[in-house]
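Engineer: Model the structure of this input:
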Amino acid sequence: MKAPTLHTERLTLRGPEASDFEKVATFFTDEERAHGFGGTLPRDQAWRWFASTIGHWHLRGYGFWTVMAKDTSEQLGFVGLWNPEGWPEPELGWVMFAQAEGYGYATEAALAVRNYAYTNMGFTTLTSNIVPGNTRSIALAERLGAVLEKTYENIEMGTEHLYRHPSPQELGL
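Structural biologist: Alright, predicted model coming up:
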């Protein structure tokens, strides 16, 4: 399945393309930022992660969108829906690149993806799985109205906090 293109006031969210990989590879060399995704990865393993995000669209019918600035076409990060084998349920996740932090892009993109998942894809609930200590992601989840539901052992990531997002009904959708 090809990812639909979503638009917000400042952003375009499109399906991942081969040209997106360089920023992904750079992201996975940054210990602080990659920590929330299991840690740094060598280039070949970053490629496998990136390829799996593309395959996720074909296997599940949803996945990560590439977040682009409308005014400059700069690649800002990835936001999307993730549910690989072993995950407890579908997750709303995000990766923002260093130059894109602090501008509200992650919030804007995550709201667009969540609303699309609820109104166009039939999702009735979403979570965000966040490793303990990832204060930026916790703050974003809370800005989105998600609440800590439990701590659990993620098959891939180890101990994680599961934040539950408001349902479509709670959001008035």
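Engineer: only C-alpha atoms for contact and neighbour calcs from this point on.
Structural biologist: Fine.
Engineer: pLDDT-wise, which helix or strand of the chain ranks last?
Structural biologist: When each helix and strand of the chain is scored by mean pLDDT, DSSP states H and E, helix 31-34 comes last, with a mean of 84.
Engineer: centre of the chain versus it, how much separation?
Structural biologist: 15 Å (Cα atoms, centre = their mean, to the nearest Å).
Engineer: Please identify the helix or strand for the closest residue to Gln75 other than its chain neighbours.
Structural biologist: The shortest distance from Gln75 to any non-neighbouring residue, by Cα to Cα, 6 or more residues apart in numbering, is to Met68 (4.6 Å). Using DSSP states H and E, Met68 falls within strand 64-69.
Engineer: Mind giving me the packing neighbours of that strand?
Structural biologist: strand 11-14, helix 43-60, strand 75-82 (3 or more Cα pairs under 8 Å, 6 or more residues apart in numbering; DSSP states H and E).
Engineer: which of the residues in the helix or strand just after the first one are buried?
Structural biologist: Spelled out, it's strand 11-14. Next along the chain after strand 11-14, taking DSSP H and E as the criterion, comes helix 21-27. Using 16 or more other Cα atoms under 10 Å as the burial criterion, the residues of helix 21-27 that qualify are 21, 24-27.
Engineer: Any chance of a markdown table for the residues you listed, columns pLDDT and distance to Thr5?
Structural biologist: Compiled in a markdown table, those are given as follows (pLDDT from 0 to 100; distance: Cα to Cα, whole Å):
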| residue | pLDDT | distance to Thr5 |
| --- | --- | --- |
| Phe21 | 96 | 19 |
| Val24 | 93 | 20 |
| Ala25 | 95 | 23 |
| Thr26 | 94 | 24 |
| Phe27 | 92 | 23 |
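Engineer: Great, nothing more from me.
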